[in-house]
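**Student:** 3D, please:
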Amino acid sequence: MSFPKYDRYKNSGVEWLGEVPEHWDVKRLKFLTKNVKAGPFGSTLTKDTYTATGYRVYGQEQVIPNNFAIGDYYISPEKYKELEQYSVKPDDILISCVGTFGKISIVPKNAEPGIINPRLLRLRQSEAIFAEHLVRFLQSNIGFEQFSLLSRGGTMDVINIHTLNEIVLAVPPLPEQRSIATFLDRETTKIDELIAEQRQLIDLLKEKRQAVISHAVTKGLNPDAPMKDSAIEWLGEVPEHWEVVAIDYRYELALGKMLDEKKITGSHLAPYLRNIDVQWDNINIEQLPEMDFKESEVERYSLECGDLLVCEGGEVGRSAIWNGQLKQCYYQKALHRLRPKNMNRDFSRFMFYQMYAAVKNQYFADSEGKSTIAHLTAEALRRYRFCYPSIGEQRSITTFLDRATTELDELIAEAHHAIALLRERRTALISAAVTGKIDVRSLV
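**Tutor:** Model prediction:
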């Protein structure tokens with residue numbers, strides 16, 4: 001959809017702002033504010049001054065999610081009176097001054113009385129500009145670009161009052177500010193609803209992906225196959241002809257080498273994989289660290305095509321298959337190496353899908369009720385039981401799953417791409433409206 005433009009424009013005199021409508025003003029932010037205040041620093045406000053009840057202390061935990069009902073930091077009435085210069089009131093603009101720029105919120109009408117903490121700036125605007133218009137401008141690409149330039153082009157870790165005051169804004173008359181705010185509220189709500197629909201679709205596709213894998217590796221592809229009880233809760237009934245045994249009946253399990261930087265001599269250096277390098281069905285081989293692997297350790301810690309690597313910690317059970325991406329590579333103790341004892345009986349790709357289903361079904365859950373155990377030791381892993389069809393059936397199931405998951409992954413990628421495009425459109429629309437590149441007066 002194309003939008004109308006204004007009849008006449010003028011040069012704003014600011015490179016990154018460009019032309020603005022002829023009747024708009026161009027002003028620095030310091031001329032549009034009554035008061036800008038940074039939160040109290042030093043010993044004025046510390047955890048020791050917090051109380052169970054009293055006046056609120058607002059911080060990033062409210063501004064970032066734009067939720068002023070959350071948070072549990074308070075100060076006493078006496079402390080509030082001492083720090084009242086840092087107080088907030090409805091329609092004040094709060095800006096997160098530590099971290100990425102763009103985390104801005106307007107204090108709502110029903111907000112509890114309180115003060116800002118050192119991680120926030122409080123901006124109280126003049127009657128010449130609405131809070132909603134000012135926030136939209138600061139969150140636009142033009143606002144972000146100015147912050148970058150005023151911060152000498154570096155990544156903005158801290159926003160200070162001086163930088164904020166030097167921001168240049170395009171300021172339409174108040175009635176137009178209202179029109180722009182109304183238009184953007186309506187249009188961004190539509191876009192946000194479309195983004196929410198795409199996120200919901202992604203969630204459904206991920207659920208379907210997990211269900212397809214779980215069903216295939218526990219029930220097989222033949223819906224008419226006779227079934228038996230596996231005696232394992234997450235597996236339920238499995239095909240009668242499948243074998244249900246502990247994993248070490250079918251696979252050799254070995255942990256990698258423990259890293260000891262003091263023992264690295266540099267005489268037998270070779271790359272090795274860490275826990276972080278093994279993601280689901282993907283192994284990073286870029287900029288791998290190195291340590292010594294002597295000739296006596298090569299067979300024990302080397303990787304072969306078809307080895308299944310399983311994370312011992314972190315996201316316990318996360319797995320990927322080594323496909324010989326490097327001529328020589330080893331692995332650290334944070335990983336298990338699973339290798340079929342008989343290549344004519346077991347196929348590691350099928351075991352990968354079983355590990356995926358097991359993790360997603362919390363098979364490695366702690367008996368004490370924690371979501372996942374902190375570490376999956378070799379002794380523990382050896383005892384876990386899985387179900388195994390014949391090698392031919394394992395290959396048929398993995399072929400089916402490779403195709404099905406690829407199709408679902410492509411749909412998920414399309415949904416992510418749609419979200420990216422919608423976000424780009426949202427950002428572009430806001431920037432165009434608050435800088436006068438489009439005229440929305442007839443559209444509200």
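**Student:** Helix or strand, whichever it is, which one in the chain has the lowest mean pLDDT?
**Tutor:** helix 141-150 (a mean of 75; mean pLDDT, DSSP states H and E).
**Student:** If you count neighbours, what's buried in the helix or strand just after that one?
**Tutor:** Counting by DSSP states H and E, the next helix or strand C-terminal to helix 141-150 is helix 161-165. Within helix 161-165, the residues scored as buried using 16 or more other CB atoms under 10 Å are 163, 164, 165. Just so you know, the C-beta spots here come from the backbone N, C-alpha and C atoms, and that holds for glycine as well.
**Student:** mind listing what the residue nearest to residue 108 when sequence neighbours are not counted touches?
**Tutor:** Ranked by CB to CB, 6 or more residues apart in numbering and with sequence neighbours excluded, the top spatial neighbour of residue 108 is residue 68, at 5.7 Å. Residues in contact with residue 68, defined by CB atoms under 8 Å, 6 or more residues apart in numbering, are 58, 62, 105, 107, 108, 111, 112.
**Student:** From these, list just the buried residues.
**Tutor:** 58, 62, 105, 107, 111.
**Student:** Measure how buried residue 66 is and give me the count.
**Tutor:** Residues near residue 66, counting by other CB atoms under 10 Å, number 12.
**Student:** My guess is it contacts residue 107. True?
**Tutor:** No - with contact defined as CB atoms under 8 Å, residue 66 does not reach residue 107; the gap is 10.6 Å.
**Student:** Between those two, which contacts overlap?
**Tutor:** Common neighbours of residue 66 and residue 107 (CB under 8 Å, 6+ apart) do not exist.
**Student:** pLDDT value on residue 156, please?
**Tutor:** pLDDT for residue 156: 48.
**Student:** Over to residue 372?
**Tutor:** 49.
**Student:** Then the one 5 residues further on?
**Tutor:** In the prediction, the pLDDT value recorded for residue 377 is 91.
**Student:** same question, residue 151
**Tutor:** pLDDT, residue 151: 60.
**Student:** and what of residue 50?
**Tutor:** 89.
**Student:** quick revisit: and of the buried ones among the contacts of residue 68, the nearest to residue 307?
**Tutor:** For the buried ones among the contacts of residue 68, the residue nearest residue 307 by CB to CB is residue 62; the value is 48.8 Å.
**Student:** re the thing from before, just the ones of the contacts of residue 68 in strands?
**Tutor:** Those of these mapping onto strands are 58, 105, per DSSP state E.
**Student:** can you list the buried ones among the contacts of residue 68 in CSV and add pLDDT and distance to residue 414?
**Tutor:** Output for those, formatted as CSV (pLDDT from 0 to 100; distance: CB to CB, whole Å):
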residue, pLDDT, distance to residue 414
58, 94, 40
62, 93, 35
105, 94, 33
107, 96, 39
111, 93, 41
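**Student:** Pipe the residues you listed into JSON lines and attach distance to residue 350 per row.
**Tutor:** Listed next are those as JSON lines, based on distance: CB to CB, whole Å:
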{"residue": "58", "distance to residue 350": "54"}
{"residue": "62", "distance to residue 350": "49"}
{"residue": "105", "distance to residue 350": "50"}
{"residue": "107", "distance to residue 350": "57"}
{"residue": "111", "distance to residue 350": "56"}
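**Student:** Could you give the separation of the helix or strand containing residue 291 from the chain centroid?
**Tutor:** Per DSSP H and E: residue 291 is located in strand 290-292. Put simply, strand 290-292 sits 32 Å off its chain's centre (CA atoms, centre = their mean, to the nearest Å).
**Student:** can you pull the buried residues of the next helix or strand after that strand?
**Tutor:** Sequence order places helix 295-301 as the next helix or strand after strand 290-292, per DSSP H and E. Buried positions in helix 295-301, judged by neighbour count with 16+ other CB under 10 Å: residue 301.
**Student:** hmm, who's touching the next helix or strand after helix 295-301?
**Tutor:** The first helix or strand that comes after helix 295-301 along the chain, using DSSP H and E, is strand 308-311. Outside of strand 308-311, the residues within contact range by CB under 8 Å, 6+ apart are 251, 273, 275, 278, 283, 303, 317-322, 331, 334-339, 348, 351-352, 355, 376, 381.
**Student:** Please flag which of those residues sit within helices.
**Tutor:** 348, 351, 352, 355, 381 (DSSP state H).
**Student:** Residue 54 against residue 72, yeah?
**Tutor:** No - assessed by CB under 8 Å, residue 54 is found out of contact with residue 72, at 11.3 Å.
**Student:** pLDDT below threshold where in this structure?
**Tutor:** Within the chain, the stretches with pLDDT under 70 are 1, 100-102, 148-158, 366-373.
**Student:** again, only this time at 80
**Tutor:** 1, 41-44, 46-47, 98-102, 144-159, 260-266, 365-374 (pLDDT under 80).
**Student:** Where do the helices of it begin and end?
**Tutor:** Under DSSP H, the chain gives helices at 60-63, 77-82, 131-139, 141-150, 161-165, 174-219, 295-301, 348-360, 378-383, 391-434.
**Student:** one step back: tell me which other helices or strands the least confident helix or strand of the chain touches.
**Tutor:** helix 391-434 (3 or more CB pairs under 8 Å, 6 or more residues apart in numbering; DSSP states H and E).
**Student:** chain center to the helix it packs on, what's the gap?
**Tutor:** With CA atoms, centre = their mean, you get 16 Å for helix 391-434.
**Student:** ditto for stretch 281-288
**Tutor:** 20 Å.
**Student:** Only alpha carbons, please: show that stretch as CSV.
**Tutor:** Extracted in CSV, the C-alpha atoms of stretch 281-288 (Å, rounded to 0.1, in the frame of the first residue of the first chain):
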residue,chain,number,x,y,z
ASP,A,281,22.0,-31.7,14.0
ASN,A,282,24.7,-29.1,13.5
ILE,A,283,28.4,-29.0,14.4
ASN,A,284,30.6,-25.9,14.4
ILE,A,285,34.0,-26.4,12.9
GLU,A,286,35.1,-22.7,12.7
GLN,A,287,37.9,-21.4,15.0
LEU,A,288,38.0,-24.6,17.1
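**Student:** buried residues in that stretch?
**Tutor:** Quick answer for stretch 281-288 (16+ other CB under 10 Å): 281, 283, 288.
**Student:** now, which of those residues sits nearest residue 398?
**Tutor:** Closest to residue 398, out of all of the buried residues of stretch 281-288 and judged by CB to CB, is residue 281, at 11.8 Å.
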